[in-house]
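Novice: Generate a structure from the sequence data that follows.
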Amino acid sequence: MPRRLGLKSGMQDETLVRRAFLGELEKGESVRMLPELNVIKLGGHGTIDYGKEVVLPLVDEIGKASRNNQILVVTGGGARVRHVLDLGVDLGMPTGLLAELAGKVSEQNAIMLAILFSKYNSVRIKREDLLDLPMLFHLGVLPVIHGTPPYGLYETPPRIGKIPPHRTDTGALLMADVLGAKNCILVKDVTGLYTENPRIHPDAELIPEISAEELLQMNLEDLVLERAAVELLQFAVNIKAIRIVNGLVSGNVTKALEGHNVGTVIRAKP
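Specialist: A predicted model of the protein is given here:
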C-alpha cells in the first residue's frame with residue numbers, strides 16, 4: 001500500500017468526521033478580538049423601512065453611544081428582500097440563488113446607513129474588513145456592515161419551503177461570536193419575543209427571558225427572529241445571549257448597552 005505523504009500533525013491520520021475524535025476537542029477559551037464589542041443589528045423590516053421618522057433618531061442614539069462604546073452596526077434587508085424572494089420563488093429560483101439575490105438588499109441599506117452615520121465617523125465595511133476592526137476602533141470609527149452571511153449559492157437547503165434560513169439575524173450572531181463580542185442586540189419594531197405575532201394576536205404574551213433550547217422546544221408558529229439564529233446560539237463560543245429590543249421606543253438601545261433589562265433575552269443555555 002502506498003505511503004501517504006503529509007506533515008506531522010496530531011490530526012494527520014484523522015478523517016475530521018470521527019465522532020469520538022471531535023468530542024475530544026473541547027471548545028474551551030478562544031481568542032476574543034473585541035471583547036468589548038456591541039453588535040447592533042438594525043432590522044430592515046423592523047426599523048429601516050420606516051424611513052426617517054424611525055431611522056434618524058436611531059442614528060443619533062447609536063451614534064452618540066458609539067463615543068463611549070465599541071459598536072458594529074449591522075443592517076438587515078426588509079421589504080425589498082421580501083419582494084425579490086417573492087419574485088424568485090414565483091420564477092422557480094433555487095434556495096442558493098434566492099440567498100444571492102436577497103443579500104444585495106442589506107448591502108444597499110448598509111451604504112445608506114453608513115452615510116447617515118457619517119457625522120459619527122462612520123465607514124461602510126465589507127466582510128474582508130472585519131479583521132481590521134481593532135484598528136478602526138482605535139481610530140474612533142463607527143463601522144457599518146450588511147448582515148447577510150456569505151452562504152450565497154452554498155446556502156443550506158431549508159427544512160421547510162425555499163426561503164434561505166441564514167439571513168441577517170444569523171449573520172449578526174455569527175459576526176458577534178467570531179469577533180468575541182460581549183453583546184448581540186437585534187433592533188426590531190416590537191417589544192420582544194411573543195408567544196404569537198402580537199399584531200395578529202393582541203393577547204399574545206411577551207416572553208422576557210428564555211433559553212434557546214426552551215424556545216425551540218415550544219415550536220412556535222412565528223418568531224421575531226430567524227430560527228437559524230436561535231439554533232446556532234446554542235453552540236456559540238463567545239456570545240451567551242441575544243437581546244431583542246424595540247427600536248421604535250427612544251432610549252431602548254442605550255438601555256440595552258448599559259445592561260438594563262429591556263426587551264427579551266434569549267440565552268444560549270438554560
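
Novice: C-alpha only now, for contacts and for neighbours.
Specialist: Fine.

Novice: Off-centre distance for stretch 9-19?
Specialist: Its chain's C-alpha centre and that of stretch 9-19 lie 32 Å apart, by C-alpha atoms, centre = their mean, to the nearest Å.

Novice: Can you get me the start-to-end distance on that stretch?
Specialist: 19 Å (C-alpha to C-alpha, to the nearest Å).

Novice: any residues touching it, and which ones?
Specialist: Gly6, Leu22 (C-alpha atoms under 8 Å, 6 or more residues apart in numbering).

Novice: ditto for stretch 176-185
Specialist: Contacts of stretch 176-185 (C-alpha under 8 Å, 6+ apart): 31-41, 172-173, 236-239, 241-245, 256-257.

Novice: Does Val265 belong to a helix, a strand or coil?
Specialist: Secondary structure of Val265, reduced to three states by DSSP: H, G, I helix; E, B strand; the rest coil: strand.

Novice: That one bridge partners, please.
Specialist: Glu209, Arg243 (DSSP bridges).

Novice: residue contacts, it?
Specialist: Applying C-alpha under 8 Å, 6+ apart, the residues contacting Val265 are Pro208, Glu209, Ile210, Ala241, Ile242, Arg243, Ile244.

Novice: Could you rerun that using 10 Å?
Specialist: 185, 192-193, 207-212, 240-245 (C-alpha atoms under 10 Å, 6 or more residues apart in numbering).

Novice: just Ile71 next, same as before
Specialist: By C-alpha under 10 Å, 6+ apart, the contact list for Ile71 reads 36-40, 62-63, 65, 137, 141-144, 181, 183, 257.

Novice: Output the contacting helices and strands for the strand or helix carrying Val84.
Specialist: Secondary-structure element containing Val84, defined by DSSP states H and E: helix 79-90. On a contact count with 3 or more C-alpha pairs under 10 Å, 6 or more residues apart in numbering; DSSP states H and E, helix 79-90 meets helix 95-116.
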